[in-house]
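1. Here is my input, please return the structure:
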Amino acid sequence: MAIKAVQQIMLGTVTGSEAKAKETLQAMVNAGYNGIELNSFMVNPTPFMVRLLTMAAGMPTGKGGNLDWAKLVKEAGLSVVSLHKDLGGIEKELAKTVREAEKYNTTNVVITGMYRFDYRDKTQVTDLCKRLNEAGKKLKAEGINLLYHNHNYEFQKVDGRQNAYEYIISNTDPEYVGFEFDSYWPTEAGVYALDVMKMLGSRMKLYHINDRGTKLTKPVMTPILKSDSCELGYGNMNLEALCGQALSSGVEAVVLESHKNWIDKSPIKSFEASAKFLNEHIGTV
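-> Residues are numbered from 1 along each chain as shown. Predicted coordinates for the structure are as follows:
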């Protein structure tokens, strides 16, 4: 059975102190989650630029960087499914990356896309594939898997033809580069996520899940609604089929990451509501 996890980026506002973090992690366990996905920039003091960027995206990192996250997750009984890092940091400090993964007892390190990067430029994307292969090979030698996490910008066309995500799949070595597939973002980009999952096959080691729709309850001024992230089963994505494909591919974990548009602005109420879908379709602990 796949682990059911929550991405730490959802929890920045409710893990600012040790007491609050313990309370939040216990709420996760009570809801049925048995894993968490950590971010290196949140388990360590967060650089100002990272705090600024995540706040601009509506998902603040919070002030939990000084907490003992290894101790907190162990006491809560949660497994760490992966650690998010940036590619440049891995390349510059490989040994530190390995030690950090070992500290949290995880064998997966995930790169979450490239900042200020042009996915339409074939030369840049080709160079990215080379860097992923090289970093993945070095991590593999240390017993660590390198996974690539997508957003929507990878679904831009490279030189107007094949999209960048397909290009990355085709030009990275399956032995050294796996994927943490996020089905929300290709859906947002107008791509059929289930087809991409089938293309990835067993290279999809982790699955990021979210739903897309609207929770607006009052009449709108125009006949056009703006859709956003929402709790699992509350939107219009075919999550049953997507979960089925993920499980048949043998993913290690299904990781919830919704984006700010939470019930009563509460990430806890949001992950509790989404747990109902996951418990039904992934199974209970």
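2. Please give the number of neighbouring residues around the closest residue in space to residue 170 that isn't next to it in sequence.
-> Distance criterion C-beta to C-beta, 6 or more residues apart in numbering; nearest residue to residue 170, sequence neighbours excluded, is residue 162 at 7.9 Å. Glycine gets a C-beta too; all of them are placed from N, C-alpha and C. By other C-beta atoms under 10 Å, 14 other residues sit near residue 162.
3. Which strand or helix spans the nearest residue to residue 76 once chain neighbours are set aside?
-> Using C-beta to C-beta, 6+ apart and skipping the chain neighbours, the partner closest in space to residue 76 is residue 25 (3.9 Å). Applying DSSP states H and E as the criterion places residue 25 in helix 18-31.
4. which residues sit in contact with residue 241?
-> residue 194 (C-beta atoms under 8 Å, 6 or more residues apart in numbering).
5. again, only using 10 Å
-> Listed by C-beta atoms under 10 Å, 6 or more residues apart in numbering, the contact set of residue 241 reads 193, 194, 197.
6. I figured the first one hits residue 186, correct?
-> Translated: residue 193. Yes - using C-beta atoms under 10 Å, residue 193 is in contact with residue 186, at 4.9 Å.
7. Show the pLDDT at the residue nearest to the spatial centre of the chain.
-> Nearest to the geometric centre of the chain sits residue 208, at 5.1 Å (C-alpha atoms, centre = their mean). Residue 208 is assigned a pLDDT of 98 by the prediction.
8. Where does pLDDT dip in the stretch 1-150 of the chain?
-> Within the stretch 1-150 of the chain, the stretches with pLDDT under 70 are 48-51, 55-58.
9. let's see it at 90
-> 1, 45-65, 113, 115-116 (pLDDT under 90).
10. sorry, back to before: who are the contact partners of the residue nearest to residue 76?
-> Shown in contact with residue 25 (C-beta under 10 Å, 6+ apart): 6, 11, 14-15, 33, 36, 69, 72-73, 75-78.
11. Farthest-apart pair in these, please.
-> Maximum pairwise distance among the contacts of residue 25 (C-beta to C-beta): 18.4 Å, between 14 and 77.
12. Of the two, give the one with the bigger neighbour count.
-> Comparing residue 14 with residue 77 by other C-beta under 10 Å, the one with more neighbours is residue 14, at 19 against 12.
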